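Asker: No sequence on hand, only this structure:
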């Protein structure tokens, strides 16, 4: 049984079909990559899954139940956490404050929330920054804070939106390591990524979209060799050769 | 940390014995009004400073609390002190409506909606003469001759308000409020029901502001819509108290309340009779200048930027 099933998802902004009839299933425990050129509708898909923007048509099932139309915070409580591509740190809160606020999703007392925040920060290698204000973190730290905050809500499915963008090579390796460790905790991951090194090494399966429409799905190898994917990324001449 | 504790203890003792030492009705009156503003300013700060929902309509809750107390006397023939209990609760009922309508909007749009809400309610109260006596206002007989009981009631209310808000901000709700202020979308995706918690913050804020309004009715013994629903004297003053004292600090609004009441009184009385009379007309101008000064140089308010003030003062001393 699929953990998340997106069925004929369509999102239109006026006449523009940002996501058009996209269907995919994510199995429990896998890392599922979502790729596509800029503006192809990846982040819109995320926004539809946790109902940041209401979907135009289609349906989304989480654990076989439709989550269409549920409020964003309800979807979080059901077990879908997400990070933002354009990071949204709670700037004037400390790092641990950010994560504690998030941990209240599952617990009620300050002590439990703090303990959970400590665990999550330790897991994300952010413990030494815990008393800094979120706005003083560099971009790499903010990306990890996004992940920490999402993890503190104890999700079963984690949506990661370009968490590797803007990182240098050694930071990339750390990010890959972190994603793998999250998977090892038993959390299913849906990841959007542009950096091929990341997406190709960690994904079990990849779904490629362009102009809001599915162009390929399969293992990283299959998708990388798919002529339509090559065309979308590199242009038509490369696809033929 | 220790210095802070000692300061607080001294403040507590001073506030307890103040009216026993200073017997002047005039100064007691000023401090009572300042204590009332501590309540309003702190309540405003909970909603605007901590939760990030800047209200230009706190007169709605203040006036409603005051009128609740007044109507207990004129319509029910009961003591206006019942209003202290029910004023807060009726203000919360109004807050539910305000929240229901205004929280659909964000940022400046929310502020404008609350501003309009305050004016609407003022007009309704002015015109609903059968219930509110309209522009005639409500006049009651004060319960006490002495200022002493009023002083201690105001002090208790101020203490309760600041302390409850302090406790709230230490709890889960506090984390939620600040998260909403910092980024509503992020808060929502962290599983926070932002609509619900914005309303919780508004309800607490309205409750204490309503209590302050009911206290005002009891203490001043006269209200009319132009005063208790005033945009200028209540809603804007609440904002000034918060901003001058220090937004999103526990005791900032308390400090702001004393500063603002002091400034207001200094100008109203034309520097206690020392300056020419026309100065008293200029108090709005001075408020404006004060706000410009605070925003430019002490963006976090007197308490929020206390370190900056201290550094500056010491620098002047050192250079001498």
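Answerer: Yes, it's here. Predicted model only: the values in this text are computed from it and were never measured. Numbers count the residues shown, from 1 in each chain, chains lettered A, B, ... in the order given.
Asker: List the buried residues of the helix or strand of chain A with the lowest mean pLDDT.
Answerer: Every helix and strand of chain A was ranked by mean pLDDT, DSSP states H and E. The lowest is helix A:236-240, at a mean of 74. Residues of helix A:236-240 classed as buried by neighbour count (16 or more other C-beta atoms under 10 Å in any protein chain shown): none. Any C-beta I mention is one placed from the backbone N, CA and C, and that applies to glycine too.
Asker: top helix in chain A by residue count?
Answerer: helix A:169-184 (DSSP state H).
Asker: got it, and chain B?
Answerer: Counting residues, the longest helix in chain B under DSSP H turns out to be helix B:194-220.
Asker: For the closest residue to chain A within the stretch 201-320 of chain B, what are phi and psi?
Answerer: The minimum distance from the stretch 201-320 of chain B to chain A, using C-beta to the nearest C-beta, falls at residue B:248 (8.2 Å). The phi/psi pair for residue B:248 (degrees, to the nearest 10) reads phi 60, psi 40.
Asker: is it true that it touches residue B:299?
Answerer: No. Using C-beta atoms under 8 Å, residue B:248 is not in contact with residue B:299, being 11.6 Å away.
Asker: lowest-pLDDT helix or strand in chain B?
Answerer: That would be, for chain B by mean pLDDT, DSSP H and E, helix B:270-273 at a mean of 77.
Asker: The residue positioned nearest the centre of chain A: what's it in contact with?
Answerer: Of all residues in chain A, the one closest to the mean position by C-alpha atoms, centre = their mean is residue A:160, 1.9 Å from it. Applying C-beta atoms under 8 Å, 6 or more residues apart in numbering or on different chains, one finds that residue A:160 lies in contact with A:82-83, A:147, A:179, A:189-193.
Asker: Restricted to strands, list the residues you listed.
Answerer: A:82, A:189-192 (DSSP state E).
Asker: OK, contacts around the residue nearest to residue B:299 when sequence neighbours are not counted?
Answerer: Ranked by C-beta to C-beta, 6 or more residues apart in numbering or on different chains and with sequence neighbours excluded, the top spatial neighbour of residue B:299 is residue B:305, at 7.1 Å. If you count contacts by C-beta under 8 Å, 6+ apart, residue B:305 has them with B:246, B:298-299.
Asker: quick one: which of those residues is nearest residue A:55?
Answerer: Set against residue A:55, the nearest of the contacts of residue B:305 by C-beta to C-beta is residue B:299 (41.8 Å).
Asker: where does chain B dip in pLDDT?
Answerer: Chain B contains residues with pLDDT under 70 at B:1, B:318-320.
Asker: Try it again at 80.
Answerer: B:1, B:270-273, B:275-284, B:315-320 (pLDDT under 80).
Asker: Can you tell me the closest non-neighbouring residue to residue A:35?
Answerer: residue A:208 (5.1 Å).
Asker: Oh, that last question was meant for residue A:107, not what I typed.
Answerer: Distances taken as C-beta to C-beta, 6+ apart place residue A:113 nearest to residue A:107, at 5.3 Å, with adjacent residues excluded.
Asker: need the residues of chain A near chain B, please.
Answerer: Within chain A, the positions near chain B by C-beta under 8 Å from any C-beta of the partner chain are A:50, A:52, A:71-73, A:76-77, A:81-82, A:84, A:88-93, A:97-98, A:100-102, A:104-105, A:108-110, A:113, A:149-150, A:152-153.
Asker: What about the residues you listed, which are in helices?
Answerer: A:72-73, A:76-77, A:97-98, A:100-102, A:110, A:113, A:149-150, A:152.
Asker: Now the two most distant members of these.
Answerer: A:72 and A:110 (24.4 Å).
Asker: List, one by one, the residues from chain B near chain A.
Answerer: Residues of chain B lying near chain A (C-beta under 8 Å from any C-beta): B:170-172, B:175-176, B:178-179, B:182-183, B:185-194.
Asker: on that earlier part again, and the residue nearest to residue A:35, which helix or strand is it part of?
Answerer: Assigned by DSSP states H and E, residue A:208 belongs to strand A:205-210.
Asker: hmm, who's touching that strand?
Answerer: Taking C-beta under 8 Å, 6+ apart as the rule, strand A:205-210 contacts A:19, A:22, A:24, A:30, A:32-37, A:40-42, A:45, A:199, A:214-220, A:223, A:226, A:228-229, A:232.
Asker: Given it, what are its sheet partners and their directions?
Answerer: strand A:31-35 (parallel), strand A:213-218 (antiparallel) (DSSP bridges).
Asker: pLDDT of it, averaged?
Answerer: Mean pLDDT, strand A:205-210: 93.
Asker: Now do it: distance to the chain's middle.
Answerer: From the chain centre to the centre of strand A:205-210 is a distance of 14 Å (C-alpha atoms, centre = their mean, to the nearest Å).
Asker: If we go by neighbour counts, what in it is buried?
Answerer: A:205-210.
Asker: again, but for stretch A:50-61
Answerer: Buried residues in stretch A:50-61 (16+ other C-beta under 10 Å): A:50-52, A:55, A:58, A:60-61.
Asker: which non-adjacent residue is nearest residue 153?
Answerer: Went with chain A since none was named. residue A:105 (4.1 Å).
Asker: Actually, chain B is the one I wanted.
Answerer: residue B:215 (6.6 Å).
Asker: quick one: the one you found and residue B:152 touch, right?
Answerer: No. Between residue B:215 and residue B:152 there is no contact under C-beta under 8 Å: 11.7 Å.
Asker: more crowded one of these two?
Answerer: Neighbour tally, residue B:215 and residue B:152, criterion other C-beta atoms under 10 Å in any protein chain shown: the higher count belongs to residue B:215, 28 against 15.
Asker: Distance check, the more buried one against residue B:94.
Answerer: 17 Å (C-beta to C-beta, to the nearest Å).
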